[in-house]
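In: Mind looking at a prediction? Sequence and model below.
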Amino acid sequence: MKPIIIVHGGAGDIPDSRVPGKLSGTKAAVVAGHDVLLKGGSALDAVEAAVVSMEKDENFNAGYGSVLNLDGEVEMEASIMSGANLDVGAVTLIKDFLHPISIARKVLTDSPHSLLGGEGAKRFALQKGFQTIPPESLISKNAKDALQNFLKHGEFGRTEIGVKDEGGVGTVGAVAVDANGHVAVATSTGGMSGKAVGRIGDTPQIGSGTYADDNVGGVSTTGHGESILKYCLAHSIIRSMESGINPNTATKNSVLGMTRRLNNTAGAITLSKDGDVGVYFSSKRMSWAYVKDGKIFYGIEHGQFLEELYTSP
Ligand code: GLY
């Protein structure tokens with residue numbers, strides 16, 4: 001099996017000013033993940049590396065650059081799943097670590113549980129050797145501006161990113177199939193600007209934000225969390241593929257199905273177990289990128305399909 005990885009940098013009404021940063025950060029993330037696969041790394045290693053790259057980058061709503069809750073704090077969430085044995089790890093209400101996805105991976109490998117939150121997740125992370133950082137160091141200017149905008153306009157948009165929102169810049173995710181045919185998926189987010197303290201969205205909920213099954217494929221989602229979790233969007237796409245529908249059509253049908261039923265928008269990236277790609281979003285924009293046959297394919301607008309030569313870092 002030729003390994004493959006696809007990443008997304010979040011769906012929403014992304015303003016023009018944020019497009020270049022999101023495209024370059026999304027391409028950097030897919031290269032980081034693909035490099036792991038080229039060196040013989042597993043799908044789990046690759047999706048973690050891709051998401052770590054975006055958690056460090058303020059162009060994304062994950063890790064540094066996460067949007068803020070009503071108290072002006074970062075509360076992050078992440079999940080990761082291995083399609084080999086359906087093992088999962090997820091964390092929520094993380095305030096003072098840069099890489100929630102790496103803590104989620106530790107939950108997958110080292111905990112008898114699947115989802116840890118808040119104080120318990122912090123205690124687990126410290127026991128596993130993760131270092132805390134000051135919570136304020138995760139707050140970007142864009143995230144502060146986004147909260148101010150939210151407080152002025154006073155209501156949630158149709159996505160995690162509002163039209164006037166310069167700071168809500170998208171959940172991140174990655175899906176990979178490695179040389180051994182194993183599928184893995186990782187997703188990480190700061191949630192939505194102005195969320196209630198303690199609000200938990202779709203990203204840490206398996207079947208909503210993330211799903212992987214070696215027998216079918218993998219999906220990572222982004223968009224309006226409350227709608228995605230009601231629709232179990234990631235698993236809806238997997239179910240469709242199980243019934244024989246190709247990944248692109250399955251992704252489009254489920255995203256549009258969710259939008260029709262719940263009147264909110266989302267996006268998803270999908271790989272079949274054979275490495276066939278699905279990308280669709282019902283929001284205005286969603287950045288995505290994948291590497292195939294020595295080229296990076298990427299886009300952010302509807303119908304956009306750009307390509308350039310892939311160079312390993
Ligand atoms: N999709 C991210 C969130 O709503 O939390």
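Out: Cool, got the structure. Numbering: from 1, shown residues only.
In: Quick one: the helices in the stretch 201-313 of the chain, in order.
Out: 225-231, 233-242, 247-262 (DSSP state H, counting those that start in this stretch).
In: Tabulate those in a markdown table, adding columns for mean neighbour count and distance to the ligand.
Out: For the C-beta atoms, the positions are set from N, CA and C on the backbone; glycine is no exception. Shown next, in a markdown table, are those (neighbours: other Cβ atoms under 10 Å; distance: least, Cβ to the nearest ligand atom, whole Å):
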| stretch | mean neighbour count | distance to the ligand |
| --- | --- | --- |
| helix 225-231 | 22 | 2 |
| helix 233-242 | 24 | 10 |
| helix 247-262 | 20 | 12 |
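In: Tabulate the ones you listed in TSV, adding columns for mean pLDDT.
Out: Formatted as TSV, the helices of the stretch 201-313 of the chain follow (pLDDT from 0 to 100):
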stretch	mean pLDDT
helix 225-231	95
helix 233-242	98
helix 247-262	97
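In: Using TSV, lay out these together with distance to residue 179.
Out: Below are these laid out as TSV (distance: least, Cβ to Cβ, whole Å):
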stretch	distance to residue 179
helix 225-231	31
helix 233-242	21
helix 247-262	20
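In: closest one to residue 34 among those helices?
Out: helix 247-262 (18.6 Å; Cβ to Cβ).
In: What is the closest one packed up against?
Out: Using 3 or more Cβ pairs under 8 Å, 6 or more residues apart in numbering; DSSP states H and E, the elements in contact with helix 247-262 are helix 225-231, helix 233-242, strand 266-272, strand 277-281.
In: Point out the one among the ones you listed that comes closest to residue 62.
Out: Nearest to residue 62, of the helices and strands packed on helix 247-262 and by Cβ to Cβ, is helix 225-231 at 13.2 Å.
In: Would you mind pulling the contact partners of that closest one?
Out: Helix 225-231 has contacts (Cβ atoms under 8 Å, 6 or more residues apart in numbering) with 160, 189, 191-192, 201-203, 205, 208-209, 221, 233-234, 254, 257-258, 261-262, 264, 266.
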